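Colleague: Build me a structure from this.
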Amino acid sequence: MITKKIEAALNKQMNYEFYVSAVYLSMSSYFAAQSLDGFANWMRIQAEEERTHAMKLFDFIIERDGEAKLAAVAANRTNAGASCPV
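Modeller: Numbers count the residues shown, from 1 in each chain. Alright, predicted model coming up:
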């Protein structure tokens with residue numbers, strides 16, 4: 001059993017990890033569109049690492065009879081004319 005305060009903090013971190021994963025995946029897409037396949041692959045790997053962190057927190061919360069509360073992941077901002085994604 002975990003306290004509501006700890007559960008809230010863990011949920012906040014879990015959702016942050018999912019958000020960062022989405023940012024890395026967005027960057028992977030950008031690099032792929034620029035034919036920078038090595039960078040695209042590296043960003044995809046980083047995205048998976050962050051998702052793994054999020055899932056560890058998800059499982060930790062559930063295993064302690066808490067409720068993992070998933071928030072909507074905000075859309076990543078991109079600027080088609082910019083040289084850098086996000």
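
Colleague: so what does the helix ranked longest in the chain touch, helix or strand wise?
Modeller: When the chain is scanned for its longest helix (criterion: DSSP state H), the result is helix 4-33. Using 3 or more Cβ pairs under 8 Å, 6 or more residues apart in numbering; DSSP states H and E as the contact criterion, the secondary-structure elements in contact with helix 4-33 are helix 37-63. Any C-beta I mention is one placed from the backbone N, CA and C, and that applies to glycine too.

Colleague: Tell me the helices and strands packed up against the helix it packs on.
Modeller: For helix 37-63, where contacts count as 3+ Cβ pairs under 8 Å, 6+ apart, the packed elements are helix 4-33.

Colleague: Buried by neighbour count: which residues of the helix it packs on qualify?
Modeller: Buried residues in helix 4-33, counted by 16 or more other Cβ atoms under 10 Å: 7, 10-11, 14-15, 17-31.

Colleague: that older thread, for the record, mean pLDDT for the longest helix of the chain?
Modeller: Mean pLDDT, helix 4-33: 96.

Colleague: Ok, stretch 67-79 next?
Modeller: For stretch 67-79, the mean confidence score works out to 80.

Colleague: ok, residues contacting that stretch?
Modeller: Surrounding stretch 67-79, the residues in contact under the criterion Cβ atoms under 8 Å, 6 or more residues apart in numbering are 7, 11, 14-15, 18-19, 22-23, 26, 30, 57-58, 61-62, 85-86.

Colleague: Now do it: distance to the chain's middle.
Modeller: The gap between where stretch 67-79 is centred and where its chain is centred comes out at 8 Å by Cα atoms, centre = their mean, to the nearest Å.

Colleague: Could you measure from K4 over to L57?
Modeller: Summarising the geometry, the distance separating K4 from L57, computed by Cβ to Cβ, to the nearest Å, is 16 Å.

Colleague: what's the answer for K5, then?
Modeller: In this structure, K5 lies at 15 Å from L57, with Cβ to Cβ as the measure.
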